[in-house]
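**Student:** here is my input, please return the structure:
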Amino acid sequence: MRKLFLGLVVASLWAFGAAAQTANPDAPPPPVRPNNDGPIKVLDAPPRKQDPERPPSPLDRLRLGGSIGPLSFGTVTSIGVSPVAGYQVTNRLSLGGGFTYQYTQLRYSPTLKSSYDNYGGRVFGMFNVYESINLNAEYESLNVQYRDYNASGVRKRTWINSAMVGASYSTPIGGRFIKAFNLMLLYNLSYNNLVNPSYPAENIYPTSSPLVIRAVLF
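**Tutor:** Numbering: from 1, shown residues only. Got it, this is the predicted structure:
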């Protein structure tokens, strides 16, 4: 009697399983992974969307850097440093400012030398126009030394202000605050007005040309 009962149970289970498999003969087979690792697991609910990328914080937008130069040694020794700091206002626009110090020594003979220093600051903007190409604008104010030829060459100091425009090429370096190496070419719009008060034929801007070339980490 027990064997008959067990046989009926087994037969019922087999019949139920066969009926379940043939209940929908037109249903497609479950998808199979390309590498034959078995059928793909079907989720009861759609996967959750990933959280959107976190926008950069104000600290992430901070940019630091600077430049060294002009550098020269010998008859004319010149050393300049210019640290800068800025802020990434948008993905394309950066604004900033910095401090500049330049030391220059002229050697006329082994025993005759003269030296002077310039200092000041600048504010600037950089706008990315295409990939690594940027447009640059800058306003610089420097306190420079010059010789007063009306007073037997006595040295005096004066402030000179320069408006500059130009372009730059940026190479990313992947730093958090120092993001790129920038090679800048600027034109000093004020160059012709930065003259020696006692001798207008002499320009007292630290470079000998209205073109200003800078290599800046920023």
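**Student:** what's the burial count for the residue lying closest to residue 82 once chain neighbours are set aside?
**Tutor:** Excluding the flanking residues, the one nearest residue 82 by C-beta to C-beta, 6 or more residues apart in numbering is residue 100, at 4.5 Å. In this view, the C-beta of every residue, glycine as well, is placed from N, C-alpha and C. Residue 100 has 21 neighbours, counted by other C-beta atoms under 10 Å.
**Student:** so who does residue 100 touch?
**Tutor:** Residues in contact with residue 100 (C-beta atoms under 8 Å, 6 or more residues apart in numbering) are 80, 81, 82, 118, 119, 120, 121, 122, 140, 142.
**Student:** if I look at it, how far off is residue 143?
**Tutor:** Separation of residue 100 from residue 143 (C-beta to C-beta, to the nearest Å) stands at 10 Å.
**Student:** overlap of the contact sets of the two?
**Tutor:** Joint contacts of residue 100 and residue 143 (C-beta under 8 Å, 6+ apart) are 118, 119, 120.
**Student:** look up which residues are beta-bridged to residue 138.
**Tutor:** Counting by DSSP bridges, residue 138 is bridged to residue 124, residue 164.
**Student:** for burial, what's the neighbour tally of it?
**Tutor:** 22.
**Student:** next: residue 75.
**Tutor:** 9.
**Student:** then the one 10 residues further on?
**Tutor:** Taking other C-beta under 10 Å as the criterion, the count of residues near residue 85 is 15.
**Student:** in what helix or strand does it lie?
**Tutor:** Counting by DSSP states H and E, the element that carries residue 85 is strand 76-88.
**Student:** which other helices and strands does that strand contact?
**Tutor:** strand 62-68, strand 93-109, strand 112-130 (3 or more C-beta pairs under 8 Å, 6 or more residues apart in numbering; DSSP states H and E).
**Student:** residue nearest the middle of the protein, spatially speaking?
**Tutor:** With distances taken as C-alpha atoms, centre = their mean, the residue of the chain nearest its centroid is residue 179 (3.6 Å).
**Student:** tell me how far that one lies from residue 127.
**Tutor:** Relative to residue 127, residue 179 is positioned 15 Å away (C-beta to C-beta).
**Student:** ok, residue 75 next?
**Tutor:** 40 Å.
**Student:** can you check residue 160 too?
**Tutor:** For residue 160 relative to residue 127 (C-beta to C-beta), the value is 26 Å.
**Student:** any regions of this structure where pLDDT drops low?
**Tutor:** 1-52 (pLDDT under 70).
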